[in-house]
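**Student:** Provide a 3D model corresponding to the input given below.
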Amino acid sequence: MSTTTLSPLTLRPGNVTLAELRRIHAAPLPLILDPAAGAGMQASQATVQRIVDEDQVVYGINTGFGKLASTKIAHERLAELQRNLVLSHSVGTGDALPDEVVRLILATKAISLARGHSGIRPEIVDALLAMANANVLPVIPAKGSVGASGDLAPLAHLACVLIGEGQAKVNGSVISGAEAMRSIGLQPFVLGPKEGLALLNGTQVSTSLALAGLFGAESVLAAALVAGCLSLEAIKGSVKPFDARIHEARGQAGQIAVAAAVRALLDGSAIDTSHPHCGRVQDPYSIRCVPQVMGACLDNLHHAARVLTTEANAASDNPLVFSNGDVISGGNFHAEPVAFAADILALAVAEIGAISERRLSLLLDPGLSGLPAFLIRDSGVNSGFMIAQVTAAALAAENQCLANPSSVTSLPTSANQEDHVSMATYGARRLADMVRNAAVMVGIEAMAAAQGMEFDRRPVAPTLGTDVSSLPPEGAQPALGRPGGWLKSSPLIEAQFAAIRQRVAYLEQDRYLAPDIESMREWAQQSAWPAALAQCLPSHA
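**Tutor:** The predicted structure is shown next:
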C-alpha cells in the first residue's frame with residue numbers, strides 16, 4: 001500500500017502521543033523523524049567510537065554478551081561480533097507477527113534509538129523508517145521472547161533485514177533481506193560497535209503487541225457499551241442506576257465516564273419513558289452495574305495507555321550512552337512495566353466479554369427478560385440464539401483462562417545471568433486472541449439485543465408520559481423488518497440498530513448464523529464510534 005498520498009507524521013522521540021501510535025497501527029502512513037533528534041544520535045555514536053579508539057573495555061561495545069560479558073573482543077573483530085550477535089539471536093518461531101504490529105515495531109524502535117542514548121548511526125534509524133514508509137516489513141516470528149533482556153529474538157529478525165539476512169514481506173510476498181534492502185535503495189549495513197546490541201535490546205515488540213491489544217480493547221469496550229444499551233432497551237430496563245449522582249458519590253473516574261456515556265447514548269429514548277409503572281424494581285447486575293464494571297475496565301485501559309505511551313518513547317536498550325560521555329549498564333530492557341500493563345488489559349478484556357455474555361444469557365431467559373425464549377418465535381421447532389450463547393460462554397471461559405497473569409511466570413535464562421524475566425511478550429501477544437473473543441461475545445449480544453427490540457412488545461398506543469412524536473404514524477408499516485409497532489430508542493441507539501440491521505437480518509426462523517456472527521465481530525472491532533463513546537477512550541481523549 002502506498003503512503004505517498006497521506007499526510008506525513010513527524011516522530012518526536014520522547015513525545016510521540018498515543019493517538020499518533022494508533023495512527024501508525026491503523027494504516028501505513030509516511031513517517032518522518034524530527035530533525036532535532038540527529039544531534040543526540042551523532043553525539044552518542046561519537047562517544048562509542050571514542051571508547052573503541054581509546055581501547056577502553058565497556059560492556060556491549062567491545063565485550064561479549066550475557067554470561068560472556070567479561071570476555072574482551074579484539075578491535076578487528078568488533079564488526080564480526082555485532083553480525084554474529086544478530087544471527088545467533090534470530091531464533092524465533094511461530095507465525096509471523098501481523099503487519100500492523102510490525103509497523104509499530106519499526107516506528108517504536110526508531111523512536112527509541114533516536115533518543116540519543118544508543119550509540120547508533122542516524123542512518124540506521126533512517127533505514128528503519130524507510131522500511132516502514134515503503135511497507136517493507138521484516139518477517140518476525142511471534143514466539144521466542146521472554147521480555148528481558150529485551151525482545152531479543154524477534155528484534156534480531158528485524159535487524160537481520162538491515163544486514164541483508166532474514167526475510168521481509170513486500171506487497172504480500174516474502175523476499176530475502178538483501179532484496180528488501182535493495183527495494184528501499186540501500187545496501188546492507190555492516191554494523192559498528194554496539195549497533196547490533198542496540199537493535200536487539202529493547203521492549204519494542206512487547207510494547208507494540210500491547211499497544212495493539214489496547215487499541216482493540218478500546219473498540220470492544222465501546223461496542224459493549226452500545227450492546228449494553230441495546231439490551232437495556234430490549235428488556236425495558238431502568239436508567240435510574242446511571243444517574244450521575246450515584247457515580248459522583250463514589251468518585252471513580254472510569255465509572256463516572258461510563259455512566260455519562262450511557263446517558264448520552266440513551267438520551268431521547270421514548271422506550272425509557274414508556275414504562276414508568278412497569279413494576280420492575282431492580283435489573284440484574286449485568287445491566288445495573290455497567291458503570292461500575294465497565295468503568296473499572298476503562299480505568300485499566302487508561303493506566304495501561306499511560307505506561308505503554310511512556311514505554312513507546314523510552315530508551316530501553318543497554319548500556320545507555322549519556323551526553324557527558326558516560327556509558328552505564330543498567331536494565332531498561334526489562335519489560336516488567338509492559339508485562340503488568342498487558343496483564344491488566346487482559347483482565348479488562350476478559351471482564352468486558354464476561355458481562356456481555358451474562359447480558360446475552362439474560363436476554364434469552366423469558367423469566368428475566370420478558371422476551372420469547374431464545375429470542376425466536378415458534379421455539380421448539382426453532383432454537384433461535386440458544387447455541388450462539390453457548391459459543392459466547394465458551395469464549396468467556398477461554399478468556400478467563402487467558403487472563404491469568406503472565407508477569408508472574410518468570411524463568412531464568414542465559415545460565416542464570418538473566419535470572420528474572422518479565423514474560424511481557426507472551427502477555428501482550430495473547431491480547432489479540434482475547435480481543436477477538438470478546439468482540440464475538442459483544443457482537444452476539446448486540447445482534448440478540450436488536451432481535452429483542454424488534455418483538456412487538458413496544459406499546460403502539462400512547463401512554464401517560466409517552467412522546468407521541470416518537471410513534472409511527474397511524475397505519476404505518478413496520479420498518480427494518482420489525483414485526484410490529486414500536487417506540488423509538490434514542491437517535492444514537494437507533495443509528496446503531498440500523499447499522500446492525502445492515503449487517504444481519506431479523507431472525508424469523510433458524511438459519512445459518514456463522515456469517516452473521518462474523519459480521520457482528522467486525523462491527524464490534526470497528527474504530528468509528530459516536531463521540532459520546534470515543535471521547536472517554538485513551539487514544540481518542
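**Student:** thought Pro319 was touching Phe65?
**Tutor:** No. The pair Pro319 / Phe65 is not scored as a contact, 11.3 Å apart, by Cβ atoms under 8 Å. Glycine gets a C-beta too; all of them are placed from N, C-alpha and C.
**Student:** So in the protein, where's the weakest helix or strand by average pLDDT?
**Tutor:** The helix or strand of the chain with the poorest confidence is helix 366-369; it has a mean of 91 (mean pLDDT, DSSP states H and E).
**Student:** So which other helices or strands are in contact with it?
**Tutor:** helix 336-364 (3 or more Cβ pairs under 8 Å, 6 or more residues apart in numbering; DSSP states H and E).
**Student:** So what's the gap between the helix it packs on and the chain middle?
**Tutor:** Centroid separation between helix 336-364 and its chain, computed with Cα atoms, centre = their mean, to the nearest Å, is 13 Å.
**Student:** secondary structure class for Ala168?
**Tutor:** strand (DSSP: H, G, I helix; E, B strand; the rest coil).
**Student:** May I have the beta-bridge partners of it?
**Tutor:** For Ala168, the beta-bridge partners are Pro138, Ile175 (DSSP bridges).
**Student:** Go ahead and confirm it touches Ala180.
**Tutor:** Yes. Look at Ala168 against Ala180 with Cβ under 8 Å: they come within range, at 3.6 Å.
**Student:** and for these two, which residues touch both?
**Tutor:** Common contact partners of Ala168 and Ala180 (Cβ atoms under 8 Å, 6 or more residues apart in numbering): Met131, Val136, Pro138, Val161.
**Student:** tell me the contacts of the third one?
**Tutor:** Each residue near Pro138 by Cβ under 8 Å, 6+ apart is listed here: 102, 106, 131, 157-158, 160-161, 166-169, 177, 180.
**Student:** again, 10 Å this time
**Tutor:** Under the criterion of Cβ atoms under 10 Å, 6 or more residues apart in numbering, the neighbours of Pro138 are 96-97, 102, 105-106, 128, 131, 154-155, 157-162, 166-169, 177, 180.
**Student:** quick one: it from Ala153, how far?
**Tutor:** Separation of Pro138 from Ala153 (Cβ to Cβ, to the nearest Å): 13 Å.
**Student:** Same check on the last one?
**Tutor:** From Val161 over to Ala153 the distance is 14 Å, taken as Cβ to Cβ.
**Student:** Read off the pLDDT value for Arg458.
**Tutor:** Arg458 is assigned a pLDDT of 38 by the prediction.
**Student:** ok, now Leu87?
**Tutor:** pLDDT, read off for Leu87, is 97.
**Student:** rewinding a little: identify the contacts common to Pro319 and Phe65.
**Tutor:** Contacts common to Pro319 and Phe65, judged by Cβ under 10 Å, 6+ apart, are Tyr59, Leu197, Asn201.
**Student:** Surely Gly177 and Pro188 touch.
**Tutor:** Yes. Using Cβ atoms under 10 Å, Gly177 is in contact with Pro188, at 7.2 Å.
**Student:** Run through the neighbouring helices and strands of the host helix or strand of Asn84.
**Tutor:** Using DSSP states H and E, Asn84 sits in helix 78-88. Secondary-structure packing of helix 78-88 (3 or more Cβ pairs under 10 Å, 6 or more residues apart in numbering; DSSP states H and E): helix 152-162, helix 195-200.
**Student:** Dump the shared contacts of Pro319 and Phe65 to a markdown table, plus neighbour count and distance to Glu357.
**Tutor:** As requested, the shared contacts of Pro319 and Phe65 are arranged in a markdown table below (neighbours: other Cβ atoms under 10 Å; distance: Cβ to Cβ, whole Å):
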| residue | neighbour count | distance to Glu357 |
| --- | --- | --- |
| Tyr59 | 17 | 51 |
| Leu197 | 29 | 47 |
| Asn201 | 26 | 42 |
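**Student:** Could I get the contacting residues of the nearest residue to Glu195 once chain neighbours are set aside?
**Tutor:** Of all residues not flanking Glu195 in the chain, Ile120 sits nearest, at 5.0 Å (Cβ to Cβ, 6 or more residues apart in numbering). By Cβ under 10 Å, 6+ apart, Ile120 lies in contact with 41, 44-45, 48, 112-114, 191-199, 317, 321.
**Student:** do the same with Ile124
**Tutor:** With Cβ under 10 Å, 6+ apart, Ile124 has these contacts: 41, 45, 109-110, 113, 118, 159, 162, 189, 191-192, 195, 198-199.
**Student:** any idea where the helices of the stretch 251-400 of the chain begin and end?
**Tutor:** 253-266, 285-288, 290-312, 336-364, 366-369, 386-402 (DSSP state H, counting those that start in this stretch).
**Student:** about what we covered before: please identify the helix or strand for the residue nearest to Glu195.
**Tutor:** Here Ile120 is assigned to no helix or strand, by DSSP H and E.
**Student:** Quick check on it: phi, psi?
**Tutor:** phi -110, psi 150 (degrees, to the nearest 10).
**Student:** Distance of it relative to Asp34?
**Tutor:** From Ile120 to Asp34 the distance is 16 Å (Cβ to Cβ).
**Student:** mind checking pLDDT for Ala415?
**Tutor:** 74.
**Student:** ok, it to Met453 distance?
**Tutor:** From Ala415 to Met453 the distance is 63 Å (Cβ to Cβ).
**Student:** In terms of neighbours, single out the busier of the two.
**Tutor:** Met453 (26 against 10; other Cβ atoms under 10 Å).
**Student:** pretty sure Gly380 contacts Ala373?
**Tutor:** Yes. Proximity of Gly380 to Ala373 meets the contact threshold set by Cβ under 10 Å, at 8.8 Å.
**Student:** Now find how far off-centre stretch 35-47 is within its chain.
**Tutor:** 33 Å.
**Student:** same deal with stretch 134-152?
**Tutor:** Taking mean C-alpha positions (Cα atoms, centre = their mean), stretch 134-152 and its chain are 17 Å apart.
**Student:** Thr203: how many residues sit nearby?
**Tutor:** 34.
**Student:** quick one on the thing from earlier: show me which residues of the helix holding Asn84 are buried.
**Tutor:** Leu78, Leu81, Gln82, Arg83, Leu85, Val86, Leu87 (16 or more other Cβ atoms under 10 Å).
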